[in-house]
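Student: got a sequence here, can you model it:
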Amino acid sequence: MTITEQPSPALRPARPVALITGVGRSIGIGAGIARRLAASGWDVAFTYWTPYDRRMEWGAEPGAAASIAEELAEAGARTAAIEADLSDPDAPTRIFDEAEQRLGGPVTALVLSHAESVDSGLLDTTVEAFDRHFAVNSRASWLLIREYGLRFRTASGTAAGSTSVTTPKTATGRIVALTSDHTVGNLPYGASKGALDRITLAAAHELAHLGVTANVVNPGPVDTGWMTDDLREALAQGTPLGRIGTPQDTAHLVDFLCSSEGQWVNGQLLKSNGGAAA
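Tutor: The predicted model follows:
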């Protein structure tokens with residue numbers, strides 16, 4: 001576990017806390033979101049899992065977590081970099097404990113940008129791979145959302161188990177999950193992301209009494225270093241603007257959804273793909 005220490009919360013103006021999963025590479029979508037939220041006034045706890053990157057073709061990025069944390073600190077954010085295996089069902093509780101302890105406050109925004117993604121289709125997916133994708137992409141997301149909901153408090157102190165039936169008129173909590181509609185040749189990834197969609201959209205209704213919004217963002221194909229030149233060119237030709245998405249494109253939308261101006265957008269699956277699906 002790697003933690004970046006900052007001054008005591010008592011010595012700094014209060015900033016809301018965002019918890020972002022899947023921030024293991026400096027060119028990844030999660031890192032882009034973390035930078036954007038830090039610049040917008042959030043303190044940021046983030047998770048990463050080096051063994052996953054090691055077994056992917058791009059490999060692990062040495063020192064990435066520390067480097068990202070330093071960037072966020074330069075933007076004024078207190079940060080907590082937490083290495084966590086999200087296939088472990090006990091990880092979400094530990095992550096929230098660590099984030100709250102290190103950043104001195106409750107998590108206001110939960111952004112789920114982690115993923116298990118190993119290409120395989122209907123005929124060659126193994127049971128082990130199928131189960132691992134659902135453990136990380138679906139079960140961990142449910143457990144993180146559940147932990148968030150159990151800990152969240154409204155401004156008046158209403159908690160998840162409260163008997164109050166009064167829903168706040170202003171939403172202060174945020175859940176944003178990143179998804180994908182890719183299924184052909186990537187069955188366990190796409191299927192487990194579909195389950196993630198349903199879990200997140202349910203939260204928009206089941207956590208409404210807490211003043212929490214929940215949305216899903218499909219960023220479309222984003223170049224985070226995994227594309228070949230030919231694939232990048234082909235995908236760019238499929239968008240009206242003639243380019244593919246960047247982590248910054250996704251980050252701007254997540255930033256808006258997490259802002260006070262974004263509170264009326266709720267229970268939606270939003271495509272931020274530059275028109276690639278049109």
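Student: which residue sits closest to A60, ignoring its sequence neighbours?
Tutor: Ranked by C-beta to C-beta, 6 or more residues apart in numbering and with sequence neighbours excluded, the top spatial neighbour of A60 is D53, at 4.1 Å. Backbone N, C-alpha and C define where each C-beta goes, glycine included.
Student: tell me which helix or strand the one you found sits in.
Tutor: Using DSSP states H and E, the element containing D53 is helix 50-55.
Student: E57 now?
Tutor: Using DSSP H and E, E57 falls outside every helix and strand.
Student: my guess is it meets T228, correct?
Tutor: No: contact between E57 and T228 fails when scored by C-beta atoms under 8 Å: they sit 11.1 Å apart.
Student: any shared contact partners between those two?
Tutor: Counting by C-beta atoms under 8 Å, 6 or more residues apart in numbering, E57 and T228 have no contacts in common.
Student: any buried residues in the helix holding D53, and which?
Tutor: Along helix 50-55, the positions that meet the burial threshold by neighbour count (16 or more other C-beta atoms under 10 Å) are 52-53.
Student: which strands and helices sit next to the helix or strand of the chain with the lowest mean pLDDT?
Tutor: Among the helical and strand segments of the chain, the one scoring lowest on mean pLDDT, DSSP states H and E is helix 229-237, with a mean of 79. Contact partners of helix 229-237 among helices and strands, from 3 or more C-beta pairs under 8 Å, 6 or more residues apart in numbering; DSSP states H and E: none.
Student: quick check: buried residues in it?
Tutor: For helix 229-237, by 16+ other C-beta under 10 Å, it's 235-236.
Student: ditto for stretch 244-263
Tutor: Residues of stretch 244-263 classed as buried under the neighbour-count rule (16+ other C-beta under 10 Å) are 244-247, 249-251, 253-255, 257-258, 262-263.
Student: got those as a markdown table, with secondary structure and pLDDT columns?
Tutor: Supplementary listing: the buried residues of stretch 244-263 in a markdown table, determined by DSSP: H, G, I helix; E, B strand; the rest coil; pLDDT from 0 to 100:
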| residue | secondary structure | pLDDT |
| --- | --- | --- |
| I244 | coil | 83 |
| G245 | strand | 85 |
| T246 | coil | 90 |
| P247 | helix | 94 |
| D249 | helix | 94 |
| T250 | helix | 96 |
| A251 | helix | 97 |
| L253 | helix | 98 |
| V254 | helix | 98 |
| D255 | helix | 98 |
| L257 | helix | 98 |
| C258 | helix | 98 |
| G262 | helix | 97 |
| Q263 | coil | 96 |
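Student: got those residues as JSON lines, with distance to L269 columns?
Tutor: Written out in JSON lines, the entries for the buried residues of stretch 244-263 read as follows (distance: C-beta to C-beta, whole Å):
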{"residue": "I244", "distance to L269": "20"}
{"residue": "G245", "distance to L269": "16"}
{"residue": "T246", "distance to L269": "21"}
{"residue": "P247", "distance to L269": "20"}
{"residue": "D249", "distance to L269": "17"}
{"residue": "T250", "distance to L269": "14"}
{"residue": "A251", "distance to L269": "18"}
{"residue": "L253", "distance to L269": "12"}
{"residue": "V254", "distance to L269": "14"}
{"residue": "D255", "distance to L269": "18"}
{"residue": "L257", "distance to L269": "12"}
{"residue": "C258", "distance to L269": "17"}
{"residue": "G262", "distance to L269": "15"}
{"residue": "Q263", "distance to L269": "17"}
